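A.B. asks: Here's my sequence, what's the structure:
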Amino acid sequence: MLATRLVKTCAILFLLGAGVLSSASSSAIAAPRRAEVVRRANAKFFVPARKKLLSRNLTCNFSRGRTALGYITTKSGKKTFRVLSSKELKAARKKKLHNICPSVCARQIRAIEIGAVENTPTRITPAMMLKIACNPRASLEIVGAPILGQAIATSSGIDYIPHLHVNGIERLRLRFKGVSTSASAAISISSIAGTEFVGRALEISPYRVALTPNEVDHLLQKVGADNDAQLRHIGITQGREALVEAILNYQSPNLTSVNSAANTLAEQYQYFDYFVFQRNYRHSPSLRAFWLAQMLEGNPLRERMMLFWHHHFAINLDALKFSNGAASNWWLQEHFEILRARSLGSFRSLLQAMRDDPAMSGWLNNSQNQYRLDVFQQNPAATTNDNFGRELMELFTIGRTDRFNQSIPYYNETDVKSAALAMTGQHLYAPSSGLIPGYGGWYNGNGVTQGWELNRSFRGRITMFSQSGVGVLDRSIVDRDTLMDHLLFNHPGTARNLAFKLISYFAFPQTQGDNVSAAEQAPTNTIAEILLANGYEVIPALRTILNSSLMFAPESRDTCIQSPTEQIVSAARRIGLPLQVLEIQSTPWQLESAFADSINGTGHAILDLPTVFAGQKQCGASLDSQRAHGEGWLEDQSIFNRLRAVGRILDFSMRGPSSNYWEHGAGVKLKDTLLNGLVNPSAEEVLTRIESRFGVSLNVAQHRRILDTLNPFSAPWSGATEQIKEQRLAQVTLALVAVFPQFIMR
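C.D. replies: Got it, this is the predicted structure:
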């Protein structure tokens, strides 16, 4: 018995003298109370305190005299890992030595390949980088910064976090602290298979490149390109960046023919002036026909941005029709052409054009805003008009207050009057040649225009925004250009207000109110900086928003209530209604198509908005957070009127040509537009095509109900006449538009 103990003691002393120490304890093995001793490969752990032998495989190879790595528990209980010298090793034997392995284990670092998933942290541990499994719990450090993500050193290794929605191969150079040799870690970053809408609501950086079909449809709906087969193909096959560029630089072989058809429609509904016995310049119904044709088959983003700016610069052109004689109809076309030409250009250029637009000047009384002494020596201030100056700040540029701190207004009434003074000098005038109705003669095609004269403008010191202390203006001479550029480039309100509205309109309404967090303000601040850096060119800002993560966040789905025009045009595009639907009049004396008249009946007559504040109903426009999602569009009987409009449009569309005017229609066959390409389809095939065309996923109950409508037991689809099939398709179409939120929301 004594001999056995002596053998064991000698063996222990021999191994400790050779610098051999215990390997890492497994989580399945309790930490020993005294030193663990390793007897080379396939060694046994000897734990005297337990008087028990524990077998475990170890490949930690070592030789006599080599320094060791020690994991030591101090008297205070703190665990420290370090390289031990021979002297320290001897001292460590007197302590509770939990884990010691020769330092050669840490020096033999190896290259590894691991997988990571987008948006998900991945941990690299020391054990993964070692050729031998001694697991010394050493600290890893990074040699060179990562490219596709960020790496953070922790007590248990390196946490690698890919940048948002990044895919690809990241290569990190790693080493142990105190060791010169290093090795690479190749990290393969992949998408989350099968997942959709994994964007982040506060992240403006790009979303992943590859989009699912649902994500492609989502982006197309946001920009008004519902059911555009060309863009959809690009998005699915080439990815996000290619799709966004195709949207921004829209090209279609049909654009020329669409423009021609739109012009023909505009001529059809053009106003005839019986006083001058000739056709006048286009007015609201004529322009609406042209615009709706473009919305149905033209450049989708341009038309969507025109609608955005039309709400931003809300105007009622019909109210101006006879304000200065028949010639004022010329204003309507000029205003429309300003929107059209500059919708995807510079906001600065658009704002200047609106200032000089006769229609806007007449609408907001800027033509009456002059500074001069009249024959009665009237007070000069009495000749000014504040209307345009007020709306210039409140609606067009800085807004009443900052979106993220609404308790402090940007301006007061003194600032409004100062803005009006700076804008003085505008007036309307008739050309020197030719005669203008309303000015004593015939109309010759040259309309009433707007000009600016120095002798009608204020030329003195103007101080503004002193009360708020934001963007203070104090100059000896301030004219209209000086004021507008100050509002654009020297006052933070304009860029932030416009950025906020663009993000809210195309993605989803951003948080607003008092003391909004910096994180929630970040997307707006980024887009504001892009606008300023690019002189208020809109395309760079739109490119960033449409590519961004927040564009595909769950919050971006069905969060904005569409205007009636957006909803009805979206439904018409999905149905595939041709431009002929714009040629059908509901009555012989009607000056507009049944299509346009149906939209007007919803309370959203484009180009004839009732007030300057009507555009505040637009998603993201209102300062009231309770109406920020476009709730204003649902006032009164709006939903019912929208459904009535869709039903009326379908009714007039499906009627064929007839000698009886009251029965006349475009002759559209839904089986040709909705089911194009299907030959003798079954009811199930019809329903599958409709689901795909409308971008909806029916639940079991909805599927059964609609299938029963298409294929009732008493009169199956296969045996129904063509007329009955058309009626059933119309019923299902109207039901889908009524039930599913994406036809009201976007």
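
A.B. asks: how far away is P206 from H165?
C.D. replies: 7 Å (C-beta to C-beta, to the nearest Å). Glycine gets a C-beta too; all of them are placed from N, C-alpha and C.

A.B. asks: Just want to know which of the two has more residues nearby.
C.D. replies: Remark: of P206 and H165, H165 carries more neighbours, 23 against 20, as counted by other C-beta atoms under 10 Å.

A.B. asks: just to revisit the earlier point, anything in contact with each of P206 and H165?
C.D. replies: Jointly contacting P206 and H165 under the rule C-beta atoms under 8 Å, 6 or more residues apart in numbering are S549.

A.B. asks: residue boundaries of the strands in the stretch 151-300 of the chain?
C.D. replies: Counting by DSSP state E, counting those that start in this stretch, residue ranges of the strands within the stretch 151-300 of the chain are 157-162, 168-176, 183-190, 272-273, 278-279.

A.B. asks: Could you check these and tell me which one is nearest E529?
C.D. replies: Nearest to E529, of all these, is strand 157-162, at 25.1 Å by C-beta to C-beta.

A.B. asks: neighbouring strands for the closest one, and are they parallel or not?
C.D. replies: Partners of strand 157-162 in the sheet, by DSSP bridges, are strand 122-124 (antiparallel), strand 149-154 (antiparallel).

A.B. asks: who touches the longest one?
C.D. replies: Judged by C-beta under 8 Å, 6+ apart, the contacts made with strand 149-154 from elsewhere in the structure are 123, 139-142, 145, 158-163, 166, 170, 172, 189.

A.B. asks: Among the residues you listed, name the buried ones.
C.D. replies: When the contacts of strand 149-154 are checked for burial by 16 or more other C-beta atoms under 10 Å, the buried set is 139-142, 158, 160, 162-163, 166, 170, 172, 189.

A.B. asks: Turn these into TSV, including pLDDT and distance to T463.
C.D. replies: Formatted as TSV, the buried ones among the contacts of strand 149-154 follow (pLDDT from 0 to 100; distance: C-beta to C-beta, whole Å):
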residue	pLDDT	distance to T463
S139	78	62
L140	86	61
E141	88	58
I142	91	55
I158	91	58
Y160	93	55
P162	87	52
H163	82	47
V166	78	50
E170	91	56
L172	92	58
I189	87	56
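
A.B. asks: which two from those residues end up farthest apart in space?
C.D. replies: Longest span within these, C-beta to C-beta: S139 and V166, 26.6 Å.

A.B. asks: just the contacts of strand 149-154 now: which is nearest T264?
C.D. replies: Nearest member of these to T264, counting by C-beta to C-beta, is V166, at 50.0 Å.

A.B. asks: And the nearest residue to I706 once chain neighbours are set aside, how far from S184?
C.D. replies: Spatially, and ignoring its direct neighbours in sequence, I706 is nearest to V732 (5.5 Å; C-beta to C-beta, 6 or more residues apart in numbering). Going from V732 to S184 by C-beta to C-beta gives 59 Å.

A.B. asks: Neighbour count for these two, which is higher?
C.D. replies: Using other C-beta under 10 Å as the criterion, V732 and S184 rank with V732 on top: 21 against 16.

A.B. asks: what helix or strand is the more buried one on?
C.D. replies: Using DSSP states H and E, V732 sits within helix 722-739.

A.B. asks: what's the model's confidence in that helix, averaged?
C.D. replies: Helix 722-739 comes out with an average pLDDT of 89.

A.B. asks: With just CA atoms, put it into PDB.
C.D. replies: Extracted C-alpha coordinates of helix 722-739, given in PDB (Å, rounded to 0.1, in the frame of the first residue of the first chain):
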ATOM      1  CA  GLU A 722     -68.700  34.100 -71.800                       C
ATOM      2  CA  GLN A 723     -71.000  36.800 -70.500                       C
ATOM      3  CA  ILE A 724     -71.500  35.000 -67.200                       C
ATOM      4  CA  LYS A 725     -67.800  34.500 -66.900                       C
ATOM      5  CA  GLU A 726     -67.200  38.200 -67.300                       C
ATOM      6  CA  GLN A 727     -69.700  39.000 -64.700                       C
ATOM      7  CA  ARG A 728     -68.200  36.600 -62.200                       C
ATOM      8  CA  LEU A 729     -64.700  38.000 -62.900                       C
ATOM      9  CA  ALA A 730     -66.000  41.500 -62.300                       C
ATOM     10  CA  GLN A 731     -67.600  40.400 -59.000                       C
ATOM     11  CA  VAL A 732     -64.400  38.800 -57.800                       C
ATOM     12  CA  THR A 733     -62.300  41.800 -58.800                       C
ATOM     13  CA  LEU A 734     -64.500  44.200 -56.900                       C
ATOM     14  CA  ALA A 735     -64.500  42.000 -53.900                       C
ATOM     15  CA  LEU A 736     -60.700  41.800 -53.800                       C
ATOM     16  CA  VAL A 737     -60.400  45.600 -54.100                       C
ATOM     17  CA  ALA A 738     -62.900  45.900 -51.300                       C
ATOM     18  CA  VAL A 739     -61.400  43.300 -48.900                       C
END
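
A.B. asks: got a list of contacts for it?
C.D. replies: 571, 575, 643, 646-647, 650, 654, 669-671, 674-675, 686, 690, 694, 696, 702, 706, 709-710, 715, 717, 720, 743.

A.B. asks: swap the cut-off to 7 Å and go again
C.D. replies: With C-beta atoms under 7 Å, 6 or more residues apart in numbering as the test, helix 722-739 has contacts from 571, 575, 643, 646-647, 650, 654, 669-671, 674, 690, 694, 696, 706, 709-710, 717, 743.

A.B. asks: buried stuff in it?
C.D. replies: 725-726, 728-730, 732-733, 736-737.

A.B. asks: And for stretch 185-200?
C.D. replies: 185, 187, 189, 191, 197-200.

A.B. asks: got any ranges where the stretch 601-746 of the chain has weak pLDDT?
C.D. replies: For the stretch 601-746 of the chain, no stretch has pLDDT under 70.

A.B. asks: mind listing the helices for it?
C.D. replies: Under the criterion DSSP state H, counting those that start in this stretch, the stretch 601-746 of the chain contains helices at 638-654, 670-673, 683-694, 700-710, 722-739.

A.B. asks: With the stretch 201-350 of the chain instead?
C.D. replies: 213-222, 229-238, 240-248, 255-268, 284-297, 300-312, 329-342, 347-355.

A.B. asks: now the angle from the helix holding V732 to helix 638-654?
C.D. replies: 160 degrees (axes from the mean of the first three to the mean of the last three C-alpha atoms, to 10 degrees).

A.B. asks: Next, the angle helix 700-710 makes with helix 722-739.
C.D. replies: 150 degrees.

A.B. asks: thinking again about what came up before, make TSV out of the helices of the stretch 601-746 of the chain and add distance to H311.
C.D. replies: Shown next, in TSV, are the helices of the stretch 601-746 of the chain (distance: least, C-beta to C-beta, whole Å):
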stretch	distance to H311
helix 638-654	16
helix 670-673	30
helix 683-694	26
helix 700-710	34
helix 722-739	23
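
A.B. asks: which of those helices sits most buried?
C.D. replies: helix 638-654 (a mean of 20; mean count of other C-beta atoms under 10 Å).

A.B. asks: Which elements pack onto it?
C.D. replies: Helix 638-654 is packed against helix 564-575, helix 594-600, helix 722-739, with contacts defined by 3 or more C-beta pairs under 7 Å, 6 or more residues apart in numbering; DSSP states H and E.

A.B. asks: what's the burial count for V538?
C.D. replies: 22.

A.B. asks: Who are the contact partners of it?
C.D. replies: Neighbours of V538 in contact, by C-beta under 7 Å, 6+ apart: 344-345, 347.

A.B. asks: Among those residues, which one has the most neighbours?
C.D. replies: Busiest of the contacts of V538 [other C-beta under 10 Å] is F347, holding 23 neighbours.

A.B. asks: Would you check that that one makes contact with L498?
C.D. replies: Yes - counting by C-beta atoms under 7 Å, L498 is a contact partner of F347 at 6.5 Å.

A.B. asks: V216 - nearest residue in space that isn't next to it in sequence?
C.D. replies: Counting by C-beta to C-beta, 6+ apart, the residue nearest V216 is G235, at 3.5 Å.
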